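Trainee: Next come a sequence and a model predicted from it.
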Amino acid sequence: PKYDSRGGCNAIIETNSNTLITGCSATIIPESVTSIGDYAFCGCTGLTSIEIPNSVTRINEGIFIGCTNLAKVQIPNSITIIKDFAFRRCSSLTNIEFPSSVYNIGVGAFWECTDLATITCLSTNPPTIQSDTFEKSTYNKATLYVPESCKYKYQTAYYWNNFNIKEIGDDDVNHEVGTKFSSNGLNY
């Protein structure tokens with residue numbers, strides 16, 4: 001009566017709160033889940049992609065920490081906060097897109113994401129981040145794409161100004177907002 005695994009989702013869900021407590025590499029998060037517990041997928045090295053449903057409003061602490069093969073994450077427009085260490089050691093992530101709804105990204109959220117090369121932030125106002133939300137090497141090598149006419153805001157925002165910043169559509173790469181990921185994790 002306390003837990004379920006509704007609809008064959010391959011996860012343990014606390015029934016009363018609709019909180020996904022533990023997931024695995026084969027988990028499909030149901031729309032009825034409103035929260036994902038801290039560290040729910042921690043160390044799940046078999047997880048390669050995940051789609052977070054619109055019913056979830058925050059990515060809690062350490063949810064995907066150590067998911068070293070996680071290459072694709074779809075963050076919905078319902079997410080407002082990405083908590084501390086949420087994606088730490090997700091070393092297969094090459095790109096990430098933050099919807100315009102995200103206003104805060106926590107400490108170490110993308111620490112040790114060594115292959116992160118493209119970050120797209122759709123908010124016209126830069127979300128709050130910390131000096132160590134990303135590693136120094138990520139600031140040095142990743143390209144940050146921001147909405148048209150918002151480059152100056154990011155260039156003057158703490159820590160975002162460490163990135164190579166381009167407006168979406170600024171370069172020769174056909175970078176489209178809201179695209180789906182291909183099987184190799186690149187936007188098309």
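Mentor: Noted; the coordinates are in hand. Numbering: from 1, shown residues only.

Trainee: thinking residue 9 is in contact with residue 30, fair?
Mentor: Yes - counting by Cβ atoms under 8 Å, residue 9 does reach residue 30; the two are 5.1 Å apart. Any C-beta I mention is one placed from the backbone N, CA and C, and that applies to glycine too.

Trainee: Am I right that residue 165 is in a strand?
Mentor: Yes - with DSSP: H, G, I helix; E, B strand; the rest coil as the criterion, residue 165 is part of a strand.

Trainee: contacting residues around it?
Mentor: Neighbouring residues of residue 165 by Cβ atoms under 8 Å, 6 or more residues apart in numbering: 143-144, 146, 151, 154-155.

Trainee: dump the residue contacts of residue 83.
Mentor: Contacts of residue 83 by Cβ under 8 Å, 6+ apart are 38, 58-63, 106, 109.

Trainee: Export the residues you listed to TSV and append columns for distance to residue 121 and secondary structure.
Mentor: TSV is the format used below for those (distance: Cβ to Cβ, whole Å; DSSP: H, G, I helix; E, B strand; the rest coil):
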residue	distance to residue 121	secondary structure
38	24	coil
58	17	strand
59	15	strand
60	20	coil
61	21	coil
62	22	coil
63	20	coil
106	15	coil
109	13	coil
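
Trainee: per-residue pLDDT, the nearest residue in space to residue 159 that is not next to it in sequence?
Mentor: In this structure, residue 159 finds its nearest non-sequential neighbour in residue 129, 5.0 Å apart by Cβ to Cβ, 6 or more residues apart in numbering. Turning to residue 129, the model gives it a pLDDT of 97.
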